[in-house]
Every structure is written in structure tokens, then in C-alpha cells.
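K.L.:
My questions concern the predicted model and sequence given below.
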Amino acid sequence: MASSVKSWNRNEPCEAGILSVWNDLHCHQRVMEHQHDEIFRKIDQGSTYTNISVDIFESISNMGTMDMTDFVDKGKLLRVAECSVEKVKQARFEQVLKDAGNRGQGDDTGHAVRRIR
């Protein structure tokens, strides 16, 4: 794992989140297959929450010069915008994101990602 952030929803005190950034899908899968369950049992993580939902995304476009993991040390706000994009418009959508990054948006951060599961 390259980096992670754990947080609470200040508006919903019983809601928490974990954002983790991995080097790649292979590293994530290797940990999930060979280490996760043992760690999960050892720290009794399952007793700490009632349900969990996990989505995995892959980076498709870097819209700046800052490394994606730098937000943990330098950032104060994480903005996530989830869009529904019709399959026939996907290539155009990705191109617009790349073009926006090439023009710059006033900072060096930003990554476009695609949900893979």
C-alpha cells in the first residue's frame, strides 16, 4: 500500500471511511489473497463495524504534476466526484479530463480514475 487515510463523517458520527492508495492492482490483490485475512482476524477488525462496501478504481489520467499519494501529506481536502458516463461517451469524457489537466486548473493535483470493481 502506498498510502491511506482513515476518517469519520462529521455529519454522521457512525459513518467512517478508509481511502487507500496502492501501487497497482497486482499489489492490492497479493495483499488481499495472502495477508489481509490474517491481519483482519488478529486485530478483530470485523467487530468494529456492521457493514462495509469496497470499490476499486484505477488511475486513467494524471491531471497535474503532483503524485497521487502526496495529498496525504499536503492536502486538507479530498474531493470525489462520481460520474455516470454512457459507454459511447467514455472516450470523449476521458479526453476532456486529460485536456483539463494539460491546461492546468490552478494547482498541481488531480487524477481521473475509473472503477474496475
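P.N.:
Ah, there it is. What you see is a predicted model; the values in this text were computed from it and never measured.

K.L.:
I'd assumed residue 4 was in contact with residue 20.
P.N.:
Yes - counting by C-beta atoms under 8 Å, residue 4 is a contact partner of residue 20 at 4.0 Å. The C-beta positions use only the backbone N, C-alpha and C, and glycine is treated the same way.

K.L.:
which residues of this structure fall in strands?
P.N.:
Here the chain has its strands, by DSSP state E, at 3-9, 12-21, 57-62, 111-115.

K.L.:
Residue 41: which of the ones you listed is closest?
P.N.:
With C-beta to C-beta as the measure, strand 12-21 is the member of the strands of the chain nearest residue 41 (17.7 Å).

K.L.:
so how far is residue 96 from residue 89?
P.N.:
Going from residue 89 to residue 96 by C-beta to C-beta, to the nearest Å gives 10 Å.

K.L.:
Mind checking which of those two has more residues around it?
P.N.:
More crowded of residue 89 and residue 96, by other C-beta atoms under 10 Å: residue 96, with 13 against 10.
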